[in-house]
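Trainee: Structure for this input, please:
(one chain, ligands or ions: 1)
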Amino acid sequence: MLKCGICGRTMTFYKDSKNGRTYLKPCSKVDFTTGKRCPNGASSLVVIDQFINDVMWKEIKPAMNVLNEQIAKNTEILDTTSSRVKELTNQKKDINKQLDKLLDLMLTSNDHRFKDKYSQLQYRLQEVEKELTELQSGDSDGKDWGDVFLELNKEIHILPYKGKSKDPKVINTFIKKYIDPIVYKKNDLEPDKPYLKVHYTETVQQAMEVYKQYRKEMNEKLEARKQKAIL
Ligand SMILES: [Zn+2]
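Mentor: Alright, predicted model coming up:
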């Protein structure tokens, strides 16, 4: 789950047998073209744990909450994928119709513009079909985005992180549903504050987008209220 911010290698941890604490191993990947070791250094797990905690409970959980409320109010968000599929299916029909017409025209005329248009449309058709396949394979496991979201939302409210589980594997599997990977880079000036960058999983990404929008609107409302109070 933790990737090196310099070479991209997956980073691992080790337990110090003397003090029982867990540390991040320094990255040791050797660049074969230069023979040099990756310079990314180690860090204590506590720092990284705290960071993950903050992300999970101060960012992701509130975002999931907001999106959940919006879904309860309005199921439209869940329909974005299916409406895109509809849209693309219609486009496909339309392009096929146009291609048929052009074929007829090309039978009776040698105008190169028909030919050009025909290849343009064929290209467009390929793109539409590609996107359709991607969208439809996305839920081939029988779950659409909404189901996955509801599951994750439920888990983050009841399940096992925050000290409830001590098994790092359980915790790891749980966190990976929300953030994956986390990119780590040591900080030479302040070793206790390494650079950590989170990548949200697809479902959480959408929740974060909605959350961002929500917070923006809330801030605007607050500003408007302040302005009113001043006047
Ligand atoms: Zn590295």
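Trainee: which residue packs closest to Lys115, ignoring adjacent ones?
Mentor: Leaving aside its chain neighbours, Lys115 sits nearest to Met106 (6.7 Å; criterion: C-beta to C-beta, 6 or more residues apart in numbering). (Glycine included, C-beta is placed from N, CA and C.)
Trainee: Kindly report the same for Tyr211.
Mentor: Sequence neighbours aside, Ala63 is the residue nearest to Tyr211 in space, at 3.6 Å (criterion: C-beta to C-beta, 6+ apart).
Trainee: element containing the one you found, please.
Mentor: Under the criterion of DSSP states H and E, Ala63 resides in helix 61-73.
Trainee: And that helix, what does it pack against?
Mentor: Judged by 3 or more C-beta pairs under 8 Å, 6 or more residues apart in numbering; DSSP states H and E, helix 61-73 is in contact with helix 145-158, helix 202-230.
Trainee: Okay, buried residues for the first one please.
Mentor: What that stands for is helix 145-158. Trp145, Gly146, Val148, Phe149, Leu150, Leu152, Asn153, Ile156 (16 or more other C-beta atoms under 10 Å).
Trainee: ditto for the longest one
Mentor: When neighbours are counted by 16+ other C-beta under 10 Å, the buried residues of helix 202-230 are found to be Thr203, Val204, Gln206, Ala207, Met208, Val210, Tyr211, Tyr214.
Trainee: Surely the second one touches Tyr178?
Mentor: Yes: applying C-beta atoms under 8 Å as the test, Val204 and Tyr178 come out as touching, 5.0 Å apart.
Trainee: Return the distance of Lys36 relative to the ion.
Mentor: 11 Å (C-beta to the ion, to the nearest Å).
Trainee: again with Lys176
Mentor: From Lys176 across to the ion, the span is 20 Å (C-beta to the ion).
Trainee: Whatever helix or strand Glu129 lives in - contacts with which helices or strands?
Mentor: In the assignment (DSSP H and E), Glu129 maps to helix 112-138. Helix 112-138 sits against helix 80-108, with contacts defined as 3+ C-beta pairs under 8 Å, 6+ apart.
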